[in-house]
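Asks: Could you look at this predicted model? Sequence included:
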Protein chains: 6
Amino acid sequence: MIHIQVINPNTARAMTETIGRCARAAAAPTTRVTAVNPDMGPESIESHYDEALAVPGLLAEIGRAQADGYVIACFGDPGLDAARELATGPVIGTAEAAMHAATLLGRSFSVVTTLSRTTGRAWDLATRYGFAGACRTVHACDIPVLELDDPSSSAREVLADLCAYAVEHDGCDSIVLGCAGMASFREELTARLGVPVIDGVAVAVKLAESLVALDLRTSKRGEFARPGPKKYTGLLEDFGQRL
Amino acid sequence: MIHIQVINPNTARAMTETIGRCARAAAAPTTRVTAVNPDMGPESIESHYDEALAVPGLLAEIGRAQADGYVIACFGDPGLDAARELATGPVIGTAEAAMHAATLLGRSFSVVTTLSRTTGRAWDLATRYGFAGACRTVHACDIPVLELDDPSSSAREVLADLCAYAVEHDGCDSIVLGCAGMASFREELTARLGVPVIDGVAVAVKLAESLVALDLRTSKRGEFARPGPKKYTGLLEDFGQRL
Amino acid sequence: MIHIQVINPNTARAMTETIGRCARAAAAPTTRVTAVNPDMGPESIESHYDEALAVPGLLAEIGRAQADGYVIACFGDPGLDAARELATGPVIGTAEAAMHAATLLGRSFSVVTTLSRTTGRAWDLATRYGFAGACRTVHACDIPVLELDDPSSSAREVLADLCAYAVEHDGCDSIVLGCAGMASFREELTARLGVPVIDGVAVAVKLAESLVALDLRTSKRGEFARPGPKKYTGLLEDFGQRL
Amino acid sequence: MIHIQVINPNTARAMTETIGRCARAAAAPTTRVTAVNPDMGPESIESHYDEALAVPGLLAEIGRAQADGYVIACFGDPGLDAARELATGPVIGTAEAAMHAATLLGRSFSVVTTLSRTTGRAWDLATRYGFAGACRTVHACDIPVLELDDPSSSAREVLADLCAYAVEHDGCDSIVLGCAGMASFREELTARLGVPVIDGVAVAVKLAESLVALDLRTSKRGEFARPGPKKYTGLLEDFGQRL
Amino acid sequence: MIHIQVINPNTARAMTETIGRCARAAAAPTTRVTAVNPDMGPESIESHYDEALAVPGLLAEIGRAQADGYVIACFGDPGLDAARELATGPVIGTAEAAMHAATLLGRSFSVVTTLSRTTGRAWDLATRYGFAGACRTVHACDIPVLELDDPSSSAREVLADLCAYAVEHDGCDSIVLGCAGMASFREELTARLGVPVIDGVAVAVKLAESLVALDLRTSKRGEFARPGPKKYTGLLEDFGQRL
Amino acid sequence: MIHIQVINPNTARAMTETIGRCARAAAAPTTRVTAVNPDMGPESIESHYDEALAVPGLLAEIGRAQADGYVIACFGDPGLDAARELATGPVIGTAEAAMHAATLLGRSFSVVTTLSRTTGRAWDLATRYGFAGACRTVHACDIPVLELDDPSSSAREVLADLCAYAVEHDGCDSIVLGCAGMASFREELTARLGVPVIDGVAVAVKLAESLVALDLRTSKRGEFARPGPKKYTGLLEDFGQRL
């Protein structure tokens, strides 16, 4: 039985539970999915600052786990390189997974994300993964992450309208949901839009499962070799043991 | 139960069987894998000419199948765009799958392929998929495709030496096997090299399974809409019914 | 006397004749132009599927000819690499020629083509040839290829309006006609637009003439060496003799 | 009087002092330079893991300071985006500064850095800043960061030989020192090599001074607006006040 | 005391004086700035032709000067490579400086320049310097260079409106003024727009000062070695002495 | 009868004659080729400085001519943009022509040029024209331009050896001669190397002929509109009449 650990790098427990549900729905029956979040750091990730400060908690969770594969359940893919050094099994980011899936399906995709200030990060990731040419536009609905789940908000409609606009104007072959907290809207949006709508967390679970099943792991010969122990001080002292 | 059709686009039945075995080994127990090859076209694909002429047979197989997902089991990924128009489920190429897996594991990969004259095609594909920056080198062992399987040939050693050279000199994080006929060497090479060795057919099976499981299919709204019937003449007359 | 063979890769004889007329008008008096089309394959090329299935017929024509140079008279440049392997003289594609001419004249061009679903292919070609940065936009008029010629259709006006829009909004230095069947509109459009309007077939004839005159041919040392005979089966059996 | 805060993001106090000395030597007489390091995190930065865990301490120092401009004195430029959100004045990274200077002097540069496993990060930064085309090679001397300063080690000669090799083989117009701890070797290397040798910390001080003098600061309208307070928990609780 | 020579490559003396004033305002008190213009060539630079013909006069000024560093005060950065061969100290272009500063402040910038016909040149420079990805748009106000200074013209308002439009629609992190003659508008525009407005001449002065202070000069080993004497004839005979 | 003016932008009359001979050999019998050189500027072009100072003389020749098309017979393509503004017919550069021909023949080319210091310029041109990906290497033989013609020098052998090395090591599909003065070696090199050897002047003549024959000229609506008269002073006073 494959064990995939899904880590929501913010501390919002409710969001972790939603993410866990979606991840489990995506996983094979023979896969065990655990969904956790750190006990340190920001309750949502909406800036470079939040993202940077979510990484220590994320790495602590990876260090603590004994899983076969890992999913970083946040569209900014925080700490991905460091996590790959630390983990023995494959680590997959949410944006990474979504963009890979999108380019396996068609020529182009558009991202629909939360805050405008995070669109730059989405472009950075598309560029890093090789998909800048496939990414038509990154649209922001300017709804804070933690409001997505609030049934009294207009998040659902705003998001749906923005997705429809993107399909119409960008001519994209799919929509990539730009926040791990949007997973629960996927089905409804797919039905409405007529193009695939991609939730990166679900895809990341399948990709991690796939790599584990094929016994493919990040090479430990070079850049992603596990760092040895080192003197760390202050608040982060414990991290010197490389968890 | 998911049905994945693996199509070896050349007509070498023995190669189809090897590919089928590797594909089945990669698939989940709940997946049915069928491996076929066309009854028309070249017995191996070693030039742009062979590749172009393998496509009609490949498309005929896709048109005939009722599968949930498809794998094109040739490293040149022949006919991928046309196959995506024709199929209702996802279609994954071998080079495409291998390169996606490689970039999910680390920063870089090198390809080890058969004939020197095909290295340009491998670069074209790396570029198309967004991975030109991740591809360190494409090495050719200059062993014809159908000799790979011949136990009396030195193919195994030549290939292993070339892979070792690539790891040493390119500093690559993985090796991508540049021919669907190399799948049976994967395990042995992995053991020897200490970096992941990627067989694209196996990965393609997992990616097709994953997309099918998530109900993700190529959009039929734009570029990849299924073409309607059209007048075709001569040898290819039957293709006008869009199979 | 130089002999240039112009191959319309679809089977629409009327279109072949128009293309032949335009090609002959472009050629030097000392050049003999022959225009042919295959006797197999689709009557128009409007999808990746059509394009893939036009290639065998195209290659058969190239194999049969004894020309000094070749022009592939379709804006998708189908089978270009395979044709270069097969032919002894230079082979020039229509999109390739048009884009080369455009970049010799100015900084940028826009393409005006037939169906929206083919714009992706035009971008692929611009990228392959190195001209993605020079290509401002690919516009589609959504007129089927075989209607272009129909005097009762509004094709002429729709196309002219779209070209004018492109010049105005893209600030492009020229217009590239995105279909070999648009050649007969070139003069009228040039007069109206005030920027050069480029018909790739005419340019391709001149480029083929030029390379032949300078005795420049594709190298037969590497990627484009002529493939030797090989076992081909089924419908395409005859192609194994490499024509 | 302009105040530039130079932050060594590791906790090695001796290295901070060396960096401070070099920074002060570079600064104008009318500039006050303070050099600090965090009281939390790793004592050297030699992996993605170290880099990620150096960022909280770095951000704490930026939040605490009242400087006009900031320099991140580590070649990995850790936390640069987050620091730009937090700071009111300009923030300059070491790799960023060095690469900007190199491209203002000539066509190309080569980087000489410490550990092989960090060369990927150097390429990532060159790409991000727009200088991937100008960067010839990233060479690693494989000397740990904290040994650079050890007079009994062969660091000085190994580094000098590697720089000489780079100049000879890469044809680069300058050498970029790939570690803030190499600043003290700059003069000697310049004399030996005959091409400029660039210490990013010194350049970063001048660039920060320049932007401050011209009253140029990062826009606070969009991506780099200062994040408001947010609930943070656990070890990093205090960071929720955005320092 | 550092001596920076600022060369306005056109012959408009009034513009040279304005540029000199702005350059001196930017310089450190310990820097001596001299502003000159050639006694040959065009009175304004508004085409590739003007730019090409401004270069001999510019080079004559560089050959004549004994400065520590040089600024080419024209947004087309004419003659930059040749000037780097000729000069012993660093030479900085106006567009180059402005774009470097913009990318040190944020992710993106838009250029606001004079004539539409020069926008291509601005893109060429952004590409050359590595900043094509950071440049959102190049807008032209279509005001001739020599009218910028005319208090009776509407230049000021037209320019301000165009900058505001750029900030709003491009989402850029700064505005780069696309003409050395716009420097005097900088302060007013900054106040109005709320994002940094960058005058390349001022930045170039600081960059030249910085490189000189750090003793960084263009390498004379390769591409930018000073050319030896050579036979020149006709009008340009004197240039054979390499000034 | 088409009139093509070939302009050698240096003042070496013997070289102009050789270039004229090669150009005439390439031209159609119905084309009149005139070969000229300026009466001002450097006797050879071996630096950015030389190139910049060759441009006024080149533009004077273009202004004086009444030709249908123009060729700039120097591998640095000096003054190409300005010449396109000035001329009414097409203007083709030597590097431009050679690289276009190379990419019409195969995937890749290598350049063999004179001095090492000019290799950067060759790369700049390859990048500008869209062919950086097709250019394998730029090799320099370090023979001064004016020695190429000297029968007592070893130029011929050195060049041939370098070309052979390039074919062997770069795997290029053609060799581009990187100096207009190398045209007379083309035939011999072709015979020896077995891959096409491309002289840009000959190709440029054919391209200019082709564009003229098709009545394709640079658009005069935008960037390349002819500049109106303007005040020019000093040595270059006459250029204000735009020749």
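Replies: Cool, the structure landed. Every value quoted in this text rests on a predicted model; they were computed, and no experiment measured them. Residues are numbered from 1 along each chain as shown, chains lettered A, B, ... in the order given.

Asks: Let me see the contact set for the residue in chain A positioned nearest to chain E.
Replies: Residue nearest to chain E within chain A: A:Gly120 (5.1 Å; C-beta to the nearest C-beta). Glycine gets a C-beta too; all of them are placed from N, C-alpha and C. A:Gly120 makes contacts with D:223, E:107, as judged by C-beta atoms under 8 Å, 6 or more residues apart in numbering or on different chains.

Asks: go on, the one 5 residues further on?
Replies: Contacts here follow C-beta under 8 Å, 6+ apart; on that basis A:Leu125 touches A:76-77, A:93, A:95-96, A:99.

Asks: do that again at 10 Å, thanks
Replies: By C-beta atoms under 10 Å, 6 or more residues apart in numbering or on different chains, the contact set of A:Leu125 is A:75-77, A:80, A:93-96, A:98-99, A:111, A:131-132, A:135, A:138, A:178.

Asks: Give the burial count for A:Thr127, as a bare number.
Replies: Using other C-beta atoms under 10 Å in any protein chain shown, A:Thr127 is surrounded by 17 other residues.

Asks: so the strand or helix carrying it versus helix D:119-129, what angle?
Replies: If you go by DSSP states H and E, A:Thr127 is part of helix A:119-129. With axes from the mean of the first three to the mean of the last three C-alpha atoms, to 10 degrees defining the directions, helix A:119-129 sits at 130 degrees from helix D:119-129.

Asks: what's the next secondary structure element after helix A:119-129?
Replies: Downstream of helix A:119-129, the next assigned helix or strand under DSSP H and E is strand A:135-140.

Asks: Contacts for that following strand, please.
Replies: Here strand A:135-140 makes contact (C-beta under 10 Å, 6+ apart) with A:99, A:102-103, A:107-123, A:125-127, A:129, A:159, A:162-163, A:165-167, A:169-176, A:178, B:130.

Asks: likewise stretch A:149-158?
Replies: Residues from elsewhere that reach stretch A:149-158, judged by C-beta under 10 Å, 6+ apart: A:12, A:14-15, A:18, A:112, A:114, A:141-144, A:147-148, A:161, A:181-182, A:184-185, A:188-189.

Asks: who's in contact with A:Ser110?
Replies: For A:Ser110, the contact set (C-beta under 10 Å, 6+ apart) comprises A:102, A:134-139, A:162-163, A:165-167, A:169-176, A:178, A:195.

Asks: can you check A:Ile62 too?
Replies: A:5, A:7, A:36, A:38, A:70, A:72, A:79, A:82-87, A:89, A:91, A:243.

Asks: again, only using 8 Å
Replies: Taking C-beta under 8 Å, 6+ apart, one finds A:5, A:7, A:70, A:83, A:86-87, A:91, A:243 in contact with A:Ile62.

Asks: Nearest to chain C: which residue in chain A?
Replies: Closest point on chain A to chain C, by C-beta to the nearest C-beta, is A:Arg107, at 5.1 Å.

Asks: Stretch A:148-164: end-to-end distance?
Replies: Using C-alpha to C-alpha, to the nearest Å, the end-to-end distance of stretch A:148-164 comes out at 18 Å.

Asks: Could you confirm whether the helix or strand harbouring A:Arg32 reaches chain D?
Replies: If you go by DSSP H and E, A:Arg32 is part of strand A:31-36. No - contact of strand A:31-36 with chain D (C-beta under 8 Å from any C-beta of the partner chain) is absent, the minimum separation being 13.5 Å.

Asks: Name the surrounding residues that touch the helix or strand following that strand.
Replies: Next in sequence after strand A:31-36, counting helices and strands by DSSP H and E, comes strand A:41-42. In this structure, residues lying in contact with strand A:41-42 by C-beta under 8 Å, 6+ apart are A:9-11, A:50, A:53-54, A:56-58, D:230-234, D:236, D:239-240.

Asks: Pull the distance from strand A:41-42 to the chain's centre.
Replies: Offset of strand A:41-42 from its chain centre (C-alpha atoms, centre = their mean, to the nearest Å): 16 Å.

Asks: Quick check: A:Pro196 touching B:Ser219?
Replies: Yes - using C-beta atoms under 8 Å, A:Pro196 is in contact with B:Ser219, at 6.1 Å.
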